Every structure is written in C-alpha cells, then in structure tokens.
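A.B. asks: make a model of this:
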Amino acid sequence: MRRTGLGRLGRRAAVPPLIGPRRPRAAWLCWVFCALVVLGGSGCKTPLPAPTVNVTGVWHGTWRGPYGSGTIGLALQQTDAAVVGEMTLSGGPAELAKARVEGTVVGNTVHLKSVEPFRAELSAIGDEITGPFHYRYENAMSLRRTR
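C.D. replies: Model (predicted):
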C-alpha cells in the first residue's frame with residue numbers, strides 16, 4: 001500500500017504553517033525576543049562617570065573613630081580612573097599600620113581598599129579628601145595634599 005500523505009479519513013493531514021497569515025505575530029515576537037537577547041548580552045551597561053579629580057600626590061591628615069584618633073597618610077598615584085599607593089595609619093589601637101591600597105576614582109569619589117581589612121569611600125575636592133573608612137571599625141578621615 002502506497003502512502004499518499006492522506007489522513008485516516010482520506011483527507012490531507014493539516015500541518016500548521018510556521019509562518020504565513022496565521023502566524024505573523026508569533027514570528028514577529030520571536031524576532032523581538034532574539035534581538036533583546038543579543039542586545040542584552042552585548043554589554044549595554046551605562047559607563048561610570050570619568051574622574052573629575054586627580055588624587056596623585058602625598059596626603060596627610062587625621063582620623064577619628066569610636067576607639068581613638070590619630071594621623072593618617074596616603075601616597076597615591078592615579079592613572080585614568082585607577083589609583084594605587086600606600087597608606088600609613090597611626091594612633092589609637094592601630095599603633096602603626098602600613099598597607100598598600102588600590103582603587104578607583106568615579107567623578108570626585110575615591111574608592112580605596114587593601115588586603116588588610118581597610119576600605120574607604122572618600123570625597124575629593126581640590127586639595128582635600130574627607131569621608132568614612134573602615135579599618136577594624138568605622139572611622140572618619142580628613143586629609144590635605146602636601147605639594
């Protein structure tokens with residue numbers, strides 16, 4: 001018996017078309033979905049604001065916190081938005097701590113961290129840097145650039 005593509009009742013089996021007048025919306029939605037997936041994966045992130053300050057230099061100042069106060073020094077080198085340098089912290093329970101720091105500058109905000117338990121989010125305006133930092137506990141610092 002030869003198969004002719006007819007159904008059980010002798011009629012051609014209805015095969016829904018993949019595209020055509022009955023499925024234009026589904027095909028359009030498929031294209032929109034594919035385009036969103038491609039655009040979403042292509043890095044459509046908003047870029048961070050460029051640095052508006054240059055914090056390169058030597059900075060000296062004071063810090064204060066719930067368990068004391070003391071002096072703090074930063075020697076920073078900035079290249080584009082990246083910052084590297086050394087921090088020296090003395091006074092209070094810190095005694096004398098030295099650490100290498102690294103971070104970024106976004107606008108006029110300086111983000112610093114080190115392998116020690118130190119992190120800071122500071123505001124730089126002209127030759128002054130101020131803001132909170134964490135070293136063993138929450139503290140605040142205020143520094144001036146020495147030329």
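
A.B. asks: what distance do you get for the closest residue to Val53 other than its chain neighbours to Pro93?
C.D. replies: Distances taken as C-beta to C-beta, 6 or more residues apart in numbering place Ala124 nearest to Val53, at 4.5 Å, with adjacent residues excluded. Bear in mind the C-beta positions are built from the backbone N, C-alpha and C, glycine included. The gap separating Ala124 from Pro93 is 27 Å, by C-beta to C-beta, to the nearest Å.

A.B. asks: which of these two has more neighbours?
C.D. replies: Each of Ala124 and Pro93 has its neighbours counted (other C-beta atoms under 10 Å); Ala124 has more, 24 against 12.

A.B. asks: what sits against the more buried one?
C.D. replies: Val53, Val55, Val105, Asn108, Thr109, Val110 (C-beta atoms under 8 Å, 6 or more residues apart in numbering).

A.B. asks: next: Tyr135.
C.D. replies: Tyr135 makes contact with Leu89, Ala94, Ala97, Glu116, Pro117, Phe118 under the criterion C-beta under 8 Å, 6+ apart.

A.B. asks: run a quick neighbour tally on Thr62.
C.D. replies: Neighbours of Thr62 under the rule other C-beta under 10 Å: 13.

A.B. asks: how about stretch 101-118 as PDB, C-alpha atoms only?
C.D. replies: The C-alpha coordinates for stretch 101-118 follow below in PDB (Å, rounded to 0.1, in the frame of the first residue of the first chain):
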ATOM      1  CA  VAL A 101      46.000  50.500  48.700                       C
ATOM      2  CA  GLU A 102      44.300  50.400  45.300                       C
ATOM      3  CA  GLY A 103      41.000  51.600  44.000                       C
ATOM      4  CA  THR A 104      39.200  53.800  41.500                       C
ATOM      5  CA  VAL A 105      38.100  57.400  41.100                       C
ATOM      6  CA  VAL A 106      34.500  57.900  39.900                       C
ATOM      7  CA  GLY A 107      33.600  61.600  39.500                       C
ATOM      8  CA  ASN A 108      35.100  63.100  42.600                       C
ATOM      9  CA  THR A 109      34.600  59.900  44.800                       C
ATOM     10  CA  VAL A 110      37.700  57.900  45.600                       C
ATOM     11  CA  HIS A 111      37.100  54.200  46.400                       C
ATOM     12  CA  LEU A 112      40.100  52.600  48.200                       C
ATOM     13  CA  LYS A 113      40.700  49.100  49.500                       C
ATOM     14  CA  SER A 114      43.600  46.900  50.600                       C
ATOM     15  CA  VAL A 115      44.300  43.300  51.600                       C
ATOM     16  CA  GLU A 116      44.200  44.500  55.200                       C
ATOM     17  CA  PRO A 117      40.700  45.000  56.400                       C
ATOM     18  CA  PHE A 118      40.600  48.500  55.000                       C
END
